[in-house]
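Participant: how would this look folded up:
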Amino acid sequence: MLRPLSLGEALDGSLAVYRQLFRQLLGVSFATQAVPLALGAYIEAAGGLLLYPGLWFLGIVLALVLGALGTAASTFIVSEHYLGRSIATGQALRQSREYLGRLLALTLASGLVVGVGLILFIIPGIILFSGLIVGTPALVIENIRQSTDAMRRSWSLSVGYRRKLFVAYLLAFLLLLVPSLAITWISSAIGVEGGVVSPAGFGLRLIEALLQILTYPFLYVLTTLLYYDLRVRKEGFDLEMLASTLQPAA
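Facilitator: Here you go, the predicted structure:
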């Protein structure tokens, strides 16, 4: 896979890697997303945000912190696989802890920048989103110390390929989120009785949460593969890796 990938190859390759690493990625996703998603489902079933603002805020914090850990761990797992190596799930999670602060800062800064861009007639937000997509794998894989440096690195790598990055993410979102949106629509249509979520509605929300646990790792795989694809195209990363394997032992 150490070669430039077309859009179709990037998506197909991501699906293949997702299948190969399914158990590991699912383990990370469940460990980092199950609690926030379950908490959110409980709050909704118990009456909503207005009745449990403290629990809602706790869920947001857990989603951000655990989500950052899950993103970093998944990136480590996919990166090692891409380079022909492997890493244990526990080790990937342990390594991710030192990146927590930087990833949270990157998430908040990127979200703010893209959000402002979306307010400014949508198109600037799309451009900014496309340019910052590979900031997370850049920060984790290259051990970049500042979130702003990771954003600049992503922006530089994405020059000339932002349309491809956006289309890849758009197709991935459509592929993965349509089932979730369908469940959300059904649950909102039949799931509320007298202001309280019905058992059927609560069950559908749990299914929706399970789908998120299953599908989010695919986005991590795609993002990591797109990051390496950009490095292969713009920095000759494939030739660099080949040269390192041909160097004689000291």
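Participant: Let me see the ranges of the helices in this protein.
Facilitator: Remark: helices assigned in the chain by DSSP state H are 7-20, 22-46, 53-82, 89-96, 100-119, 123-132, 135-141, 147-158, 162-190, 199-235, 237-246.
Participant: Make a markdown table from these and add mean pLDDT to it.
Facilitator: Formatted as a markdown table, the helices of the chain follow (pLDDT from 0 to 100):
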| stretch | mean pLDDT |
| --- | --- |
| helix 7-20 | 92 |
| helix 22-46 | 87 |
| helix 53-82 | 92 |
| helix 89-96 | 94 |
| helix 100-119 | 92 |
| helix 123-132 | 92 |
| helix 135-141 | 95 |
| helix 147-158 | 95 |
| helix 162-190 | 78 |
| helix 199-235 | 84 |
| helix 237-246 | 58 |
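Participant: Please identify the deepest-packed of the ones you listed.
Facilitator: Among these, the stretch with the highest mean neighbour count (mean count of other C-beta atoms under 10 Å) is helix 135-141, at a mean of 26. The C-beta positions use only the backbone N, C-alpha and C, and glycine is treated the same way.
Participant: Please tell me how far it is from the chain's geometric centre.
Facilitator: Helix 135-141 has its C-alpha centroid displaced from the chain centroid by 11 Å (C-alpha atoms, centre = their mean, to the nearest Å).
Participant: Spatially nearest residue to residue 148 (excluding sequence neighbours)?
Facilitator: Excluding the flanking residues, the one nearest residue 148 by C-beta to C-beta, 6 or more residues apart in numbering is residue 109, at 6.9 Å.
Participant: mind listing what residue 99 touches?
Facilitator: 68, 72, 139, 140 (C-beta atoms under 8 Å, 6 or more residues apart in numbering).
Participant: Between the residues you listed, which sits nearest residue 41?
Facilitator: Nearest to residue 41, judged by C-beta to C-beta, of these is residue 68 at 21.4 Å.
Participant: Surely that closest one touches residue 98?
Facilitator: No. Using C-beta atoms under 8 Å, residue 68 and residue 98 do not qualify as a contacting pair, with a distance of 11.5 Å.
Participant: I'd like to know how far the residue nearest to the spatial centre of the chain sits from residue 124.
Facilitator: By C-alpha atoms, centre = their mean, the chain has its centre lying nearest to residue 220, at 4.2 Å. To residue 124, residue 220 is 26 Å away according to C-beta to C-beta, to the nearest Å.
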